[in-house]
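# What follows is a predicted protein model with its sequence.
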Amino acid sequence: MTEKTKIETGFSSDAKKEPRRIVFITRNTSAKVKDERGPKIMTYPHVLVREAIVLEVLIIAMVLVALFWDAPLEQLANPLLTPNPAKAPWYFLGLQELLHFFPPFVAGILIPTLVVIGLIVIPYFHVNVEGKPLWSQNASKRFGMVLGVTVALLIVLAIFDAWTMIVPTVVVLGLLVAANYSKATAGWMGGLRQKPLSWWVMTWFIATALCLTVVGTFFRGPGWSWVWPWGTHAG
Amino acid sequence: MATSFITLLENLRETRVWKSIFWRGPALTNRTRSLAVFGNLFLHWLPVKVREKSLRVRAAYYLGSLSFLLFLILVITGVLLMFYYHPAAPNAYRDMKDLRFVVSNGVFLRNMHRIGAHLMVLLVFWHMFHVFYRGGYKPPHEFNWVVGVILLMVTLFLSYTGYLLPWDQLAFWAVTVGTNIISAMPLIGSKVRFVALGGNIVGENALLRFYVLHVVILPLLAFLLIGVHFWRVQKDGGLTVRSKDDDGKN
């Protein structure tokens, strides 16, 4: 009897056989998160009008700056007259600051390559797609590991005297330690306690890059020595 | 005045010429508004509808839009600058002097290009960090994040190759410092540097190479990748919208 009622199932259409993610359910939420993204509005005209306004504001701001600030133009290029210091464009001055501490291969090739690879692989690490706080489980073990890695990094940086990297690293580490021992659930410290590890790594990266770039741009003078931007060393 | 202008525009949309260009008159229904987007070559890579939340200023500060609009402004000012520029030494430097003292609004033109370039680098970085903190790289947006990282590098190279073109001390030594780093590459460093500069020093060949990269190869690459980037936003299901967004309102 049971033999006869057996139903066979299978695909008879050419519909996609690969399973496709329709909704991503994070813990403690329901499947209706998709609907909480709010209503949709028409691109024409709503987006186009906003883009036009953005363009106008941008052009007005740029024109105002262009009227009162002139693009620099120095003497004709002269290979025989090296300025001191010779500086790269501002967005590479973080790298130039690194070159001051590390061998050229490390600062100029290895670190930039690792940064680019690191940025590219970010979305392919599915370890913590849900963005769970660093302290959601195994709190003391995780904190110990992060602390250990950071201290090891600090020792390497100290060997190379790379103090413009040490300062932002210590600041971010200080925030992390404070968040670890804080009991806050609200306010900015409470928010900090909710951040996943990826947030901490990126924030450390941005803080370091920013510190290196600002120091390289404003605080470095002849022979890459420390100068104050308001000082009269120039020339 | 305002009403008469609107009436004029409305009447214009009813004309045969308008309809021959856009296939249809005023877009007053959601159907014709959709057609206005995907029936237009210059708009068809946009989604027909977007989440209202993703348009809020605090959602993304329009950083992506600003980066793209800056690219357009830089193309326009850049093409105008090309009318006055010879990629040769020392003519390039003389052209800078001409822009300052001879060409009408030459200083303004160069200022706009320079400001735009700095701003674009800044905003593309900011755009990337903002997308990271919003989790915009998460599935299904993984590949578009990678395209974005490549676009960041194209932006940096665009800015860097443009940096040499004025052929003044600032340009020359910035590029000398930068390209010296390439030599630190193991085994092939000096060869790569030779290819990049067209010689062993930053000279006229390097200027020409940087010029061609700056005005042809990199802008085309950027244009192509921007197209992919926008198109993927649409195909991946729109911009990332978080369930509780940004103004604290839902």
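Cool, the structure landed.

# Give me the helices and strands touching the helix or strand bottoming out on mean pLDDT in chain B, please.
Using mean pLDDT, DSSP states H and E, helix B:57-60 stands out as the lowest-scoring helix or strand of chain B, at a mean of 82. Counting by 3 or more Cβ pairs under 8 Å, 6 or more residues apart in numbering or on different chains; DSSP states H and E, the packing neighbours recorded for helix B:57-60 are helix B:106-134. C-beta coordinates here come from the backbone N, C-alpha and C atoms, glycine included.

# List the contacts of the residue nearest in space to the middle of chain A.
With distances taken as Cα atoms, centre = their mean, the residue of chain A nearest its centroid is residue A:202 (4.1 Å). Applying Cβ atoms under 8 Å, 6 or more residues apart in numbering or on different chains, we find residue A:202 in contact with B:129, B:132-133.

# Give me the subset of those residues that also touch chain A.
Checking the contacts of residue A:202 against chain A by Cβ under 8 Å from any Cβ of the partner chain, the ones in range are B:129, B:132-133.

# Go through those and give me the one with the most neighbours.
Within the ones next to chain A among the contacts of residue A:202, most neighbours by other Cβ atoms under 10 Å in any protein chain shown means residue B:132, with 21 neighbours.

# Now that residue. Nearest residue, chain neighbours left out?
Excluding its sequence neighbours, the residue lying closest to residue B:132 (Cβ to Cβ, 6 or more residues apart in numbering or on different chains) is residue A:202, at 5.6 Å.

# any idea how far the spatially most central residue of chain B is from chain A?
Centre of chain B computed as the mean C-alpha position; nearest residue by Cα atoms, centre = their mean is residue B:71, 2.4 Å away. Remark: distance between residue B:71 and chain A (Cβ to the nearest Cβ, to the nearest Å) = 11 Å.

# what residue ranges in chain A score low on pLDDT?
A:1-36, A:126-131, A:232-235 (pLDDT under 70).

# where along it do the strands fall?
A:40-42 (DSSP state E).

# what about the helices in it?
Listed in chain order, the helices found in chain A under DSSP state H are A:48-68, A:93-101, A:104, A:111-121, A:139-159, A:163-181, A:187-193, A:197-218.

# quick one, which of these is nearest to residue B:146?
Evaluated with Cβ to Cβ, these place helix A:111-121 nearest to residue B:146, the distance being 5.4 Å.

# Which stretches in chain B count as helices?
Counting by DSSP H, one finds helices in chain B at the ranges B:2-13, B:16-22, B:30-38, B:57-60, B:63-82, B:91-101, B:106-134, B:142-164, B:169-182, B:189-197, B:204-212, B:218-235.

# ranking these by burial, who's on top?
Of all the helices of chain B, helix B:169-182 has the most neighbours on average by mean count of other Cβ atoms under 10 Å in any protein chain shown, namely a mean of 22.

# is that one anywhere near chain A?
Yes: contact of helix B:169-182 with chain A (Cβ under 8 Å from any Cβ) involves B:169-174, B:176-178, B:181-182.

# so residue A:206 sits right up against residue B:129, yeah?
Yes: here residue A:206 reaches residue B:129: they are 6.1 Å apart, a contact under Cβ atoms under 8 Å.

# got CSV for the helices of chain B, with distance to residue A:144 too?
CSV is the format used below for the helices of chain B (distance: least, Cβ to Cβ, whole Å):
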stretch, distance to residue A:144
helix B:2-13, 68
helix B:16-22, 65
helix B:30-38, 54
helix B:57-60, 37
helix B:63-82, 37
helix B:91-101, 58
helix B:106-134, 26
helix B:142-164, 31
helix B:169-182, 37
helix B:189-197, 41
helix B:204-212, 50
helix B:218-235, 40
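
# neighbouring contacts of stretch B:142-157?
A:91, A:116, A:119-120, A:122-124, B:67, B:120-121, B:124-125, B:127-128, B:131, B:136-137, B:213, B:218, B:221-222, B:225-226, B:228-229, B:232-233, B:236.

# between the ones next to chain A among the contacts of residue A:202, which is nearest residue B:205?
residue B:129 (37.0 Å).

# measure the closest one to residue B:58 for me?
Relative to residue B:58, residue B:129 is positioned 15 Å away (Cβ to Cβ, to the nearest Å).

# For residue B:173, which non-adjacent residue is closest in space?
Among residues not flanking residue B:173 along the chain, residue A:86 sits closest, at 3.9 Å (Cβ to Cβ, 6+ apart).

# Return the residues in contact with that neighbour.
B:173-174, B:176-177 are the contacts of residue A:86 under Cβ under 8 Å, 6+ apart.

# Next: residue A:112.
residue A:95 are the contacts of residue A:112 under Cβ under 8 Å, 6+ apart.

# Then residue A:46?
Contacts of residue A:46 by Cβ under 8 Å, 6+ apart are B:50, B:55.

# gap between it and residue A:182?
In this view, residue A:46 and residue A:182 are 43 Å apart by Cβ to Cβ.

# Residue A:209: neighbour count?
19.

# Hmm, residue A:94 and it touching each other?
Yes: between residue A:209 and residue A:94 there is a contact under Cβ under 8 Å: 5.3 Å.

# quick check: domain ranges of chain B?
B:10-41, B:61-235 (automatic domain parsing).

# and those domains, which one is worst for confidence?
Mean pLDDT per stretch puts domain B:10-41 lowest among the domains of chain B, at a mean of 87.

# Show me how far that one is from its chain's centre.
28 Å (Cα atoms, centre = their mean, to the nearest Å).

# Kindly check the end-to-end length of that domain for me.
23 Å (Cα to Cα, to the nearest Å).
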